[in-house]
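Visitor: what follows is a predicted protein model with its sequence.
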Amino acid sequence: MNLHPTQAKIAEDRHRYRVICSGRRWGKTTLSVEEIKGMAVYRQARIAYVAPTYQQARDIAWELLIKELKPIAIKINESRLEITVRTLNGGTSWIALRGWESIETLRGQKFDLLVLDEVAMMRNFWSMWQEVLRPTLTDNEGQAIFISTPKGFNHFYELYNKESSDKDYQSFHFTSYDNPYLLPAEIDKAKLEVTEDRFAQEYLADFRKTEGLVYKEFDRTRHLFEDKDIKNIAMIDSFAGLDFGFTNPCALISIKKDYDGHYWVIGEWYKNNKTEDEVAEYVAALNFPRVYPDPESPSGIEALKRRRVNVREVIKNKDSIKSGIEKIRNLFKENKLRIHRNCENLIFELETYSYPDKKDLRNAEENPIKENDHALDALRYALMMATVSLENTKARIHTPSNLSRVPFYKI
């Protein structure tokens with residue numbers, strides 16, 4: 001392959017960690033394959049290419065890698081997406097393609113090069129990088145390449161800015177126009193067909209709020225906190241929201257409230273492949289004063305009740321999603337809702353949960369796209385019902401005939 005000038009600039013760079021923010025069709029896959037091929041041929045190496053999903057790893061890079069490496073391949077494992085090739089000095093290199101959903105399978109291994117493609121779409125990035133992937137580079141002082149088109153100001157934005165604080169990192173920014181094999185007129189045509197924000201993000205690789213974002217009020221600089229920030233804050237209430245799931249993740253969101261009416265999301269539990277009994281057992285062990293679960297899971301609610309969890313009713317109707325979203329948005333606007341920095345899944349969903357594109361002259365959709373919403377559903381159940389309960393209690397307290405029947409501790 002021949003690298004175009006901006007690809008070659010990255011290939012020539014010698015920083016240990018290279019972060020590439022690029023527009024669509026700039027040539028991310030071509031560069032990735034060339035980097036993998038170069039290391040695999042010239043030295044004995046263990047290399048992993050990671051895409052957001054296994055299917056994307058197959059669709060994006062597998063065929064191109066096979067085309068480039070087949071002449072020197074010793075073994076090709078189609079089912080596992082693994083290739084063993086001969087090096088120029090007579091040794092062997094091993095290359096594996098993986099999906100982010102199974103990233104734990106790389107724990108305990110060692111690599112000379114990691115190529116992470118579409119990093120902005122990888123959930124729990126910092127946890128998995130620090131706990132699973134970074135240790136795999138320790139033995140051989142391995143390198144990593146992080147490539148993505150941006151998606152809001154999420155973890156990829158933080159990664160892109162690490163060059164300012166860590167000399168091992170070097171960041172690069174290129175737009176779709178920087179690929180000389182793309183016709184500028186075709187990109188200009190796309191500019192006329194999509195919104196300004198979407199064009200800036202997808203083609204100009206510009207970090208900005210995701211178009212159609214539901215919780216556009218959420219701001220990391222204002223709404224994230226750490227343990228030290230609440231060390232001296234007295235809390236008066238504690239509760240949780242729960243969204244059941246098995247193939248889709250189960251999400252438990254833990255919330256505390258202070259004397260000034262601020263809500264603090266202090267933790268999350270976000271797990272796949274957990275049965276309702278396993279979820280109920282975990283929730284019961286945390287001993288929340290009350291839990292607001294998804295009302296559409298009656299068997300899950302029964303499992304909670306069998307373990308004496310104080311389950312509170314969550315009322316769903318045709319407007320409950322809209323009104324719940326409005327409640328959370330207002331809390332962000334008033335700076336009364338804060339999220340612990342470690343709640344990576346909730347933060348990811350806040351920065352990706354979006355409304356569908358508006359079509360033609362029809363009215364915009366009232367409800368968001370049903371994805372990236374499990375932790376957000378749990379948050380919505382809890383805050384919507386907890387605040388409604390509080391408002392109802394206050395109303396009763398301010399009614400003279402009820403004053404003597406509502407003790408203070410129920411407020």
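Guide: That came through, no problem.

Visitor: and the gap between H4 and S148?
Guide: Noted for H4: a distance of 19 Å to S148, by C-beta to C-beta, to the nearest Å. For every residue, glycine as well, the C-beta is placed using N, CA and C.

Visitor: higher neighbour count, these two?
Guide: More crowded of H4 and S148, by other C-beta atoms under 10 Å: S148, with 25 against 18.

Visitor: where along the protein do the strands fall?
Guide: Taking DSSP state E as the test, the strands found in the chain are 17-22, 46-51, 73-77, 82-86, 92-99, 113-117, 143-148, 169-174, 224-225, 235-243, 250-258, 263-271, 291-293, 337-340.

Visitor: excluding its backbone neighbours, what's nearest K327?
Guide: Nearest in space to K327, with sequence neighbours left out and distances taken as C-beta to C-beta, 6 or more residues apart in numbering, is M384 at 5.5 Å.

Visitor: leaving out sequence neighbours, find the closest residue to F239.
Guide: Spatial nearest neighbour of F239, excluding adjacent residues (C-beta to C-beta, 6+ apart): R290 at 5.0 Å.

Visitor: ok, now which ones touch that neighbour?
Guide: For R290, the contacting residues are 239-240, 310-312, by C-beta atoms under 8 Å, 6 or more residues apart in numbering.

Visitor: let's see that with 6 Å instead.
Guide: 239, 310, 312 (C-beta atoms under 6 Å, 6 or more residues apart in numbering).

Visitor: phi and psi next, for it.
Guide: Note on R290: its backbone torsions stand at phi -160, psi 150 [degrees, to the nearest 10].

Visitor: how does this protein divide into domains?
Guide: Following automatic domain parsing, one finds the domains of the chain at 5-202, 220-410.

Visitor: low-confidence ranges, this structure, go.
Guide: Where the chain drops to pLDDT under 70, the residues are 1, 357-366, 388-411.

Visitor: can you rerun that using 50?
Guide: 361, 391-411 (pLDDT under 50).

Visitor: from L69, how far out is the residue lying closest to E68 once chain neighbours are set aside?
Guide: Excluding its sequence neighbours, the residue lying closest to E68 (C-beta to C-beta, 6+ apart) is K37, at 5.3 Å. Using C-beta to C-beta, K37 is found at 6 Å from L69.

Visitor: contact partners for H223?
Guide: Each residue near H223 by C-beta under 6 Å, 6+ apart is listed here: 338-339.

Visitor: returning to what we had before: what would the domains of the chain look like in CSV with distance to L213?
Guide: Converted to CSV, the domains of the chain look like this (distance: least, C-beta to C-beta, whole Å):
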stretch, distance to L213
domain 5-202, 7
domain 220-410, 6
